[in-house]
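Chemist: okay, structure incoming, though there's no sequence with it:
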Ligand code: GCO
Ligand code: MG
């Protein structure tokens, strides 16, 4: 069964997505997500110009060989653009393999390790008073875990807080919006938020918070320690993770669990974090970390060191990525949590899918393959719109991490 055609589909049903559709000589096809928020066309060009010509005529059943061919064969290893392109190919080939076998992909990964995938939703609002009903709404919907973000008094805007509720999208303008940041005000405010939230919702609801790479290790240590009374499931991305050994300092000071990895592309980005047990959850995801094949390797490494999965699932990851993530989530032994930000109706219409939410769990489709598709006709009605992620400056104008 040879690869006969591979199409790169760029569409913007409320936000931009890049999808690779691989069609085989027998007519069976598969889809893979290649979306890299704010840099979509770089991956589309990488696929179109450099990957698609090399795919035509290859044996569609040779997933591992194709992965190695694209990774080693490029000579230039790693990086978000390369790894998102490889991820799309890998995911589409797993979809094809499942369809040919007549089995959902999770069966090919060893079958179920659990009945459902526990997900967390995003509650956000400008004030603590306003975030409480948002959390209550998720509890009513059946969620067992909620990420909580609020505005910070004295700052005009911050990461994670928007007008939208279920569909937060930070890439909100053609050129980056500018935000202002104060670590001092943030560190004073966050413990007050979680004191209120714990008080209101009791001890069992899993609570999470995304720091979005804004602190230094010693600041993150202080935050983690100040949140210990409120028993968070994790603080996410407390510091940028290029310096993996920097997490040792956080670990020395706090028992608040740490989740990291949404910007990671390969196992090498987290090897030290995992093998030194500096983190508790690895948040890499299918689309940015080389597809199902490579993410499985990351999770297997993590399993050796008591690290669980907590995959990124923001709306900039398409339903194709979410479908693929769920097959891994039900199969691996060391699943932790899955982020689940709902897509808009327009996005769901372009990507018909069989996964569904019930009682706080997401369930992968039982159809052969991934159980997700792209409606190419509908996709063509939503042309690409430039949209960049924001930047962040300190109050004196210094560029900071967003
Ligand atoms: C999350 C993330 C996102 C990212 C976004 C960038 O935890 O969901 O931090 O909100 O900011 O995916 O494209
Ligand atoms: Mg995050």
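Modeler: Cool, got the structure. These numbers were taken from a predicted model, which means no experiment stands behind them. Ligands and ions are numbered 1, 2, ... in the order given.
Chemist: per-residue pLDDT, residue 172?
Modeler: Residue 172 is assigned a pLDDT of 88 by the prediction.
Chemist: brain fart, residue 154
Modeler: So residue 154 comes in at 88 (pLDDT).
Chemist: need the residues of the stretch 151-300 of the chain near ligand 1, please.
Modeler: Residues of the stretch 151-300 of the chain found near ligand 1 (Cβ under 6 Å from any ligand atom) are 170, 210, 212, 262. Any C-beta I mention is one placed from the backbone N, CA and C, and that applies to glycine too.
Chemist: quick check: the first one is in a strand.
Modeler: No: if the criterion is DSSP: H, G, I helix; E, B strand; the rest coil, then residue 170 is coil and not within a strand.
Chemist: count the neighbours of it for me.
Modeler: 21 (other Cβ atoms under 10 Å).
Chemist: now the last one
Modeler: A count of nearby residues for residue 262, using other Cβ under 10 Å, gives 24.
Chemist: and the third one, by the same measure?
Modeler: The burial count assigned to residue 212 is 20, neighbours taken as other Cβ under 10 Å.
Chemist: phi, psi of the residue lying closest to residue 331 once chain neighbours are set aside?
Modeler: Among residues not flanking residue 331 along the chain, residue 109 sits closest, at 3.9 Å (Cβ to Cβ, 6 or more residues apart in numbering). Dihedral angles of residue 109 (phi, psi; degrees, to the nearest 10) stand at phi -90, psi 10.
Chemist: list the contacts for residue 109?
Modeler: Counting by Cβ atoms under 8 Å, 6 or more residues apart in numbering, residue 109 makes contact with 292, 296, 327, 328, 331, 332.
Chemist: nearest to ligand 2, of those?
Modeler: Nearest to ligand 2 among these is residue 328, at 18.7 Å by Cβ to the ion.
Chemist: and the host helix or strand of the closest one, what does it pack onto?
Modeler: Using DSSP states H and E, residue 328 sits in helix 319-331. Judged by 3 or more Cβ pairs under 8 Å, 6 or more residues apart in numbering; DSSP states H and E, helix 319-331 is in contact with strand 29-33, helix 80-101, helix 105-108, strand 117-125, helix 291-304, strand 338-339, strand 361-363.
Chemist: apply 7 Å and report the result again.
Modeler: Contacts defined by 3 or more Cβ pairs under 7 Å, 6 or more residues apart in numbering; DSSP states H and E place helix 319-331 against strand 29-33, helix 105-108, strand 117-125, helix 291-304.
Chemist: contacting residues around that helix?
Modeler: The contact list for helix 319-331, computed with Cβ atoms under 7 Å, 6 or more residues apart in numbering, reads 19, 31-33, 91, 104-106, 109-114, 117, 285-287, 292, 295-296, 309, 311, 313, 335, 338, 343, 347-348, 351, 353, 355, 362, 364-365, 370-372.
Chemist: okay, angle between the helix or strand harbouring residue 187 and strand 117-125 too, please.
Modeler: Element membership for residue 187, per DSSP H and E: helix 183-201. Counting by axes from the mean of the first three to the mean of the last three Cα atoms, to 10 degrees, helix 183-201 lies at 120 degrees to strand 117-125.
Chemist: which parts of the following helix or strand past helix 183-201 are buried?
Modeler: Proceeding C-terminally, helix 183-201 gives way to strand 206-210 as the next helix or strand, assigned by DSSP H and E. For strand 206-210, burial by neighbour count (16 or more other Cβ atoms under 10 Å) applies to 206, 207, 208, 209, 210.
Chemist: could you dump those residues into CSV with distance to residue 218 and pLDDT added?
Modeler: Below are those laid out as CSV (distance: Cβ to Cβ, whole Å; pLDDT from 0 to 100):
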residue, distance to residue 218, pLDDT
206, 27, 98
207, 23, 98
208, 22, 98
209, 18, 98
210, 19, 98
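Chemist: can you add distance to residue 228 and give the residues you listed back as JSON lines?
Modeler: Compiled in JSON lines, the buried residues of strand 206-210 are given as follows (distance: Cβ to Cβ, whole Å):
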{"residue": "206", "distance to residue 228": "16"}
{"residue": "207", "distance to residue 228": "12"}
{"residue": "208", "distance to residue 228": "15"}
{"residue": "209", "distance to residue 228": "13"}
{"residue": "210", "distance to residue 228": "18"}
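Chemist: please name the residues that touch the residue in the chain that ligand 2 sits nearest to.
Modeler: Closest to ligand 2 within the chain is residue 210: 4.3 Å, counting by Cβ to the ion. Contacts of residue 210 were listed using Cβ under 7 Å, 6+ apart, and they are 147, 149, 160, 236, 237.
Chemist: closest to residue 257 out of these?
Modeler: residue 236 (9.8 Å; Cβ to Cβ).
Chemist: partners of that closest one in the sheet?
Modeler: Beta-bridge partners for residue 236, by DSSP bridges, are residue 210, residue 259.
Chemist: I figured it was touching residue 213, is that so?
Modeler: No: applying Cβ atoms under 7 Å as the test, residue 236 and residue 213 come out as separate, 9.3 Å apart.
Chemist: the two - which one has more neighbours?
Modeler: residue 236 (24 against 19).
Chemist: residues in contact with the more buried one?
Modeler: For residue 236, the contacting residues are 208, 209, 210, 211, 259, 283, by Cβ under 7 Å, 6+ apart.
Chemist: top of the contacts of residue 109 by neighbour count?
Modeler: Neighbour max across the contacts of residue 109 (other Cβ under 10 Å) = residue 327, 28 neighbours.
Chemist: where does the stretch 1-150 of the chain have low pLDDT?
Modeler: Flagging of the stretch 1-150 of the chain using pLDDT under 70 yields an empty set of residue ranges.
Chemist: kindly report the residues of it close to ligand 1.
Modeler: Counting by Cβ under 6 Å from any ligand atom, the stretch 1-150 of the chain sits next to ligand 1 at residue 37.
Chemist: contact partners for whichever residue of the stretch 51-200 of the chain sits closest to ligand 1?
Modeler: Using Cβ to the nearest ligand atom, the point where the stretch 51-200 of the chain gets nearest to ligand 1 is residue 170, with a distance of 5.3 Å. Applying Cβ under 7 Å, 6+ apart, we find residue 170 in contact with 389, 390.
Chemist: which one is residue 171 nearest to, not counting chain neighbours?
Modeler: residue 387 (4.1 Å).
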